[in-house]
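Asks: Show me how the following folds:
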Amino acid sequence: MRLAALAWLLLLAVRLAAGEDAAWRRDVAGLPPAPPPPRADWLVEPVPSAAGVYRGAVDHELVLDNGLVRRTFRLAPDAACVGLDGLQDGRAWLRATRPEARVTLDGREWPVGGLSGQPLQNFLEAAWLDALTADPQAFRFSGWRAGPIEERFAWTPRREWISRPAVAWPPPGAHLDHYERRLQNLLGAGVQACWRGPRLYDTARTLALVRHRVDWFRQHRRILESDVVPLRRPDGRDWDGLLHVDPDPAARERALAALYNPLEAPLARTLSLPLRWAGLSGAAQVTWPDGSVRLVALDGAGVARVEVELPPRGFQWLVVEAAP
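Replies: Predicted coordinates:
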């Protein structure tokens, strides 16, 4: 049976905010329901199921299913595995909702996830689940995501393990969007990053991406390596950005605003740019990524207000020069 590549990750944090709770509940609600168990015997007939992520019987239940095994997680009041079932015979393999892991920090052990209050630990009744509580000392569930399987560490394949020629894993050119965002984050902050590894690119598309971002950094290198003024502290719930400033009157680019949108939806915002740190007053000339140029006024405090539209999970920059 061919199984679609599936990777899942439960993200854990010390506390869970109400906004984050609503976000992951919406994500779970958007998943398809878990499919019924296949009737075919996978040893005799192909099972037409692919590994996938599904919603469970309640709005805070996440299900991983590949047609042979199903693992069910309750995500509230904390993340815990509440079901591990064989789909061919209906056998339940899970006994207790104990923590997924235990981490020792400075000699103290901290549980990761899990639920407390199970009357007996040698079997689990579905009727008990709603009464279980989160351990206040445990790391708390914060969110989840699904994506292609990624290589965890390098390994040398052995002939006796592989029945066909070895193939690259992960496939070349995968995760270009993640790679581009990392380049945007580092180079947009003026960081001259050093990557350790055999190569910076693996396909022609990846090479074009690296060239594009490095060329952008070279074009704006002086201002990107100048002083930095934080515009908004990153919190993953709204835009964030940095303002690079150069008060030298001889500099052509006096400021560059590097703006980021971490959300899945576009953002339209009116930003306040403290251009006084760039030695500007009265007015300034702002250039957008599409090449359009606008003259903006600065108030008495040397602040310019500009309207921007940030694409989903996108990056945008504004270049500021002295008014002509």
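Asks: tell me which residues of the longest helix along the chain are tucked away?
Replies: Once the chain is assigned using DSSP state H, the helix that runs over the most residues is helix 204-219. For helix 204-219, the neighbour count (16 or more other CB atoms under 10 Å) marks 206, 209-210, 213, 216-217 as buried. Glycine gets a C-beta too; all of them are placed from N, C-alpha and C.
Asks: Give me the local confidence score for the residue most central in space within the chain.
Replies: With distances taken as CA atoms, centre = their mean, residue 145 lies nearest the centre of the chain, 7.6 Å away. pLDDT recorded at residue 145 is 77.
Asks: and it, what are its phi and psi?
Replies: Torsion angles at residue 145 (phi, psi; degrees, to the nearest 10) stand at phi -150, psi 160.
Asks: What of residue 187?
Replies: Main-chain torsions, residue 187, degrees, to the nearest 10: phi -70, psi -30.
Asks: thought it was touching residue 216?
Replies: Yes: using CB atoms under 8 Å, residue 187 makes contact with residue 216 at a distance of 7.0 Å.
Asks: re earlier: so which of the buried residues of helix 204-219 is the closest to residue 297?
Replies: residue 216 (28.1 Å; CB to CB).
Asks: List the contacts of that closest one.
Replies: Residue 216 makes contacts with residue 187, as judged by CB atoms under 8 Å, 6 or more residues apart in numbering.
Asks: Can you tell me how far it is from residue 183?
Replies: The spacing between residue 216 and residue 183, counted by CB to CB, to the nearest Å, is 9 Å.
Asks: Give the residues shared as contacts by those two.
Replies: By CB under 8 Å, 6+ apart, no residue touches both residue 216 and residue 183.
Asks: what about the closest residue to residue 265 other than its chain neighbours, distance to residue 181?
Replies: Once flanking residues are discounted, residue 265 sits nearest to residue 312: 5.7 Å by CB to CB, 6 or more residues apart in numbering. Relative to residue 181, residue 312 is positioned 12 Å away (CB to CB).
Asks: So between those two, which is more surrounded?
Replies: Neighbours were counted for residue 312 and for residue 181 using other CB atoms under 10 Å; residue 181 has more, 16 against 11.
Asks: give the contact list for the more buried one.
Replies: Residue 181 touches 313, 315, counting by CB under 8 Å, 6+ apart.
Asks: Secondary structure class of it, three-state.
Replies: When classified by DSSP: H, G, I helix; E, B strand; the rest coil, residue 181 comes out as helix.
Asks: For stretch 106-126, list every residue counted as buried.
Replies: For stretch 106-126, burial by neighbour count (16+ other CB under 10 Å) applies to 111-116, 118, 124.
Asks: Sorry, wrong one. I was asking about stretch 131-145.
Replies: Buried-residue list, stretch 131-145, by 16+ other CB under 10 Å: 132, 134-135, 138-144.
Asks: what's the span of it, first residue to last?
Replies: 27 Å (CA to CA, to the nearest Å).
Asks: from what I can see, residue 178 looks like it's in a strand, true?
Replies: No: applying three-state DSSP, one finds residue 178 to be helix, outside a strand.
Asks: quick one: it and residue 81, what's the gap?
Replies: Counting by CB to CB, the gap from residue 178 to residue 81 is 27 Å.
Asks: What of residue 72?
Replies: In this view, residue 72 and residue 81 are 7 Å apart by CB to CB.
Asks: so where do the strands sit in the stretch 151-300 of the chain?
Replies: According to DSSP state E, counting those that start in this stretch, the stretch 151-300 of the chain carries its strands in the segments 227-232, 240-245, 255-260, 267-274, 283-287, 293-297.
Asks: Include mean pLDDT and distance to residue 44 when you put these into CSV, please.
Replies: As requested, those are exported to CSV (pLDDT from 0 to 100; distance: least, CB to CB, whole Å):
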stretch, mean pLDDT, distance to residue 44
strand 227-232, 95, 59
strand 240-245, 96, 55
strand 255-260, 96, 53
strand 267-274, 95, 53
strand 283-287, 96, 66
strand 293-297, 95, 69
